[in-house]
Structure formats: structure tokens, C-alpha cells
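*Asks:* here is my input; please provide its structure:
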Amino acid sequence: MNNRIRAALAVLLATVLLASCARDYREVINAPEQKFYQGQEYEAAKMLLPHINTAGKDKLLFMMEAGYLLHMAGKYEDSNNVLLTASKIAQVIPISISQQVGALLSNQTITNYRGEDFEKVLIHMYLGLNFLMLKNYEDAAVEFKAVNNELQKIKSENGQARYKQNIMAKYLAAIAHELRANTVGSEDDREYAAVEYRQILKLKPSLMRARNDLAQLHLIKKSDTGELVVIFQAGRCPVKVSRGKLLEDPGMNAVVGVSLASRSLAAGVTAGAIMTTIAVAENPIPKFKIRSNKTKYLRVSVLGQQIETETLENIEYTAMKNLEDDYGRLQGKMAAEIITKAIISIAAGVGAQEVTRKLTDGNKGLSALVGVIVGAGTGTALFATMKPDLRCWHTLPANLQLGRMRLAPGKYTAAVQYIGYNGAVHDTKYLNFEIKKQDKYFINIRTVE
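*Replies:* Next up is the predicted model:
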């Protein structure tokens, strides 16, 4: 084998070794994640600080995880310091199908993590929640609106919006405007809140909560009452897992077959060789796997009054649907690109066979052997390094819920019942709080099972 072939194989081997030696993000996040599930949010966040203070391919992920953990630990200013930087890194930049497929067919795990679309917009959701807890209602409203502004930027190939508006963000924006109206006497903010409620009702006409809140918006401005607002972050978000081998997916197998049938193959490149070459390939698009979520909603009771939280943003559903939509959009283009790469690798083997034949005075046995080694070896190595990117934001909840209760000023104890999917109460906790005139008291609850 000549020096050029040796050099090419050496470079290929080095690439494979680099990919295999890189530490997996999931290994790093495992210990902090378990610490969080044990109720030690701040300790979990501190474990990630070394990773967010150094450059690296997973920096955005570490910032999202740490920012969220600091939020749940009640360190809202610290959380904002981290998430504001993350929001700049994760700005939504639309890319074409061709660009997306090109990225998928490389080893994405050794590249900088870009973030899923829903993850990028949730950074703004938690910035808004932090500002809300810090009583900075103007900036809270800005961040909640940024959630839907970012969603509007994400278009399909035909220019249509790919995502529906986030009702939870719109509801929290309305609450932030209500608080602005109450604290600084801004009637403009009260009208902004009304606009948000009207838009929510257009998106979800069946949401009686929004209809009632809109009706009471101008009535309560002269009221002495305050309000309890319950934010419930339920369960664990899904995480990415592999779909398995590319050709094990019947749908992808069929698409590859159709794409291959439409190709004109050069001499020495056969359909059988192509299918053999890509048989080792793992499907480059992962799927989301559902995790634990035992609590369907919360029932909150205070002095005879009772409310139930309602799901306004289903992160679990959004994550899974968006990835499946991507899979459907990208299948055809991805199959074509994979076949092209396989043809190139096999053609390289045919070329090496011809070079060897000339160098060995027509030794057909040796030249054929080199052709097989280079063609199959290059193809196998190429597709063996094509891995799905399983990195994702692990500490998010499965869904976001909201509940509201108007109360006279005073000190109270709320009984919070955790209702399972079978309708049974599987836990009850008691929380003390104080309501002030024209103010809102926020309870932020998270379950991890």
C-alpha cells in the first residue's frame, strides 16, 4: 500500500479514536442530576460551575443545567447571571434542511452543542420566572414575550411557523403586566395583560381560567385582595436515546432503498456493497424517551377555597413531537446523503485497486484485496463514527402548570395535595404564606418522580 493510502487511513483512524475518547456529557451530568433528584439543588449546581467557567463543546448545556438548578435552589440572581449568557449563545439561527442533514451526518458529539429549539426558548421562560420572583416585573414580561418571539422565528421550508405559541409564557406575561399595573399604576400594563388573555383564548378557547381572569382584570383593580399563584413543574423531561441501526428502522430502510434505486452507479460500485457499507451505521437522529412523572396535577386548599393546577406547557410532548417532525422532514435528504457518502467510500476502494494493479504489475489478487480493504474499511470507519447526538437538557420538568386563588390580606396555610394519574392523593404538604393587598405570592413547586 503506498504512502498516500497509509496517510489517509491514519487520519481516519485518528478521527475514530478522537470520537471514542471524548468524555460523554451524560457521564458528567449524571452525578449532579442525581443530587438534584435528592433535593440538593444548590449542591448540584455547584458541581457544574467548573464546566460553565471553561470553554468546551458542552458549555451551553452546562449553563442551562446550572441556571435551572440555581433557579430551583431559589438563587434567582445567580441563575439569571448564568442564563443571560446562555441566551446569547443559544440565539435561534434558522438553518436549511441541507445544513441540518450535513450536521447530522458528522459526529455531532465532538462539536459545540447548539440546543434544541424548545430548549433555547425555555431559557427565556426561566429568566422570566427568575425576574418574577425578584419582583422585576418589567424584565419578567420582556423575557416571557421573548419565548414566543423566538418561536415565531422558527419557520418551516415553506415559511410557515413550525411551533405554536407558548401559552404558559403568555399567561405569565399577563401576570407580570398585572403586577406592573398594581405596583406603578400603569393602565397600559393592565391593557397589555388583557391583550395576552385574549390571545390565549384564541389559542385555546376552552381555557376557562383565562376567560375568568380577563373578566376580572378591571374589576380587581379597586379590590383589597391579593392572590396566591402556584407554579407547578411536574416530573422529569424526556431524554434522548438512540433509535438503533439505520437500516433497522423500516421507514428509513424503505427511503434508502428508493433513493438507491434512483442512482446510476459507477463501475465496481454495487447496490449490495452500498447496503453492506451502511449496515454498520447508527441512525443519526435520536428519539426522546419518556421518564418519570407520577403527579398529574396539584390540588391546593386554603380555608375552604380549592383550586387545581392546569397544564399550560407540555415540555414532554413538545420535545418528542418536534424531534419526530424533524425525522419526517429530514429522512429523504438524509438517505440521499448517506448513499452518496457510501458511493464515495466504495469508489475510493475501486481507485485504490487500480493504483495497486499498476504498482504490482497487474497482480489482480493483491489489487482486489487492497480495493476491498480500502473501500470497506473507509466506509465502515466513516459510518461507525456517525453517531446520534444524545446530549439534551436533563433537569427540565415534563410540563408546566399554573393555579391561582384570590385571598384577603393575611397569613395562611395551604394544603397542597399531589394527585396521581389514577386520581388518588399520593402526598400532601402544608405551606405557610402571607397575602398582601394588590400583590401576588408565588409558590414554585417541582416534582422529580
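
*Asks:* so where is the stretch 151-300 of the chain shaky, pLDDT-wise?
*Replies:* Scanning the stretch 151-300 of the chain for pLDDT under 70 picks out 155-161, 267-268.

*Asks:* in this structure, where's the longest helix?
*Replies:* If you go by DSSP state H, the chain has its longest helix at helix 315-359.

*Asks:* which other helices and strands contact that helix?
*Replies:* With contacts taken as 3 or more Cβ pairs under 8 Å, 6 or more residues apart in numbering; DSSP states H and E, helix 315-359 sits against helix 97-104, helix 117-133, helix 250-261, helix 271-278, strand 287-289, helix 364-384, strand 399-407. The way it works is simple: take the backbone N, C-alpha and C, and place the C-beta from them, glycine included.

*Asks:* where's that helix relative to the chain centroid, distance-wise?
*Replies:* 25 Å (Cα atoms, centre = their mean, to the nearest Å).

*Asks:* got the angle between it and helix 271-278?
*Replies:* Interaxial angle of helix 315-359 relative to helix 271-278 (axes from the mean of the first three to the mean of the last three Cα atoms, to 10 degrees): 120 degrees.

*Asks:* wait, residue 436 sits on residue 408?
*Replies:* No - applying Cβ atoms under 8 Å, one finds residue 436 not in contact with residue 408, separated by 10.4 Å.

*Asks:* which neighbours do the two have in common?
*Replies:* residue 226 (Cβ atoms under 8 Å, 6 or more residues apart in numbering).

*Asks:* quick one: the strands in the stretch 151-300 of the chain?
*Replies:* With DSSP state E, counting those that start in this stretch applied, the stretch 151-300 of the chain shows strands at 226-234, 239-241, 287-289, 295-302, listed in chain order.

*Asks:* closest one to residue 312 among those strands?
*Replies:* strand 226-234 (9.9 Å; Cβ to Cβ).

*Asks:* tilt between the closest one and helix 315-359?
*Replies:* 30 degrees.

*Asks:* a helix runs through residue 415, doesn't it?
*Replies:* No - assigned with DSSP: H, G, I helix; E, B strand; the rest coil, residue 415 falls outside any helix and is strand.

*Asks:* tally of neighbours for the nearest residue to it once chain neighbours are set aside?
*Replies:* Nearest non-adjacent residue to residue 415, counting by Cβ to Cβ, 6 or more residues apart in numbering: residue 301, 4.6 Å away. Residue 301 has 15 neighbours, counted by other Cβ atoms under 10 Å.

*Asks:* got the confidence number for residue 301?
*Replies:* Looking at residue 301, its pLDDT reads 99.

*Asks:* got the contact list for it?
*Replies:* If a contact means Cβ under 8 Å, 6+ apart, then residue 301 has 414-415, 417 as its contacts.

*Asks:* distance to residue 286 and neighbour count added to these, as TSV?
*Replies:* Output for the contacts of residue 301, formatted as TSV (distance: Cβ to Cβ, whole Å; neighbours: other Cβ atoms under 10 Å):
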residue	distance to residue 286	neighbour count
414	41	22
415	42	13
417	37	18
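
*Asks:* which of those sits closest to residue 81?
*Replies:* residue 414 (31.3 Å).

*Asks:* that older thread, so which of the strands of the stretch 151-300 of the chain is the most packed in?
*Replies:* Across the strands of the stretch 151-300 of the chain, the average number of neighbours (mean count of other Cβ atoms under 10 Å) peaks for strand 226-234, which reaches a mean of 22.

*Asks:* what pairs with it, parallel or antiparallel?
*Replies:* strand 399-407 (antiparallel), strand 440-446 (parallel) (DSSP bridges).

*Asks:* output those strands as JSON lines; include the columns distance to residue 44, mean pLDDT and mean neighbour count.
*Replies:* Below are these laid out as JSON lines (distance: least, Cβ to Cβ, whole Å; pLDDT from 0 to 100; neighbours: other Cβ atoms under 10 Å):
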{"stretch": "strand 399-407", "distance to residue 44": "20", "mean pLDDT": "98", "mean neighbour count": "20"}
{"stretch": "strand 440-446", "distance to residue 44": "13", "mean pLDDT": "98", "mean neighbour count": "17"}
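
*Asks:* JSON lines for these, including distance to residue 188?
*Replies:* Output for the strands paired with strand 226-234, formatted as JSON lines (distance: least, Cβ to Cβ, whole Å):
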{"stretch": "strand 399-407", "distance to residue 188": "22"}
{"stretch": "strand 440-446", "distance to residue 188": "19"}
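
*Asks:* okay if I get the strands of the stretch 151-300 of the chain as TSV plus distance to residue 214?
*Replies:* Below are the strands of the stretch 151-300 of the chain laid out as TSV (distance: least, Cβ to Cβ, whole Å):
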stretch	distance to residue 214
strand 226-234	15
strand 239-241	38
strand 287-289	35
strand 295-302	22
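
*Asks:* nearest approach to residue 164 belongs to which of those strands?
*Replies:* strand 287-289 (18.1 Å).

*Asks:* report the separation between the closest residue to residue 400 other than its chain neighbours and residue 75.
*Replies:* For residue 400, ignoring the flanking residues on the chain, the nearest one in space by Cβ to Cβ, 6+ apart is residue 313 at 4.2 Å. In this view, residue 313 and residue 75 are 23 Å apart by Cβ to Cβ, to the nearest Å.

*Asks:* out of those two, which sits in the busier spot?
*Replies:* Ranked by neighbour count (other Cβ under 10 Å), residue 313 and residue 75 place residue 313 first, with 24 against 18.
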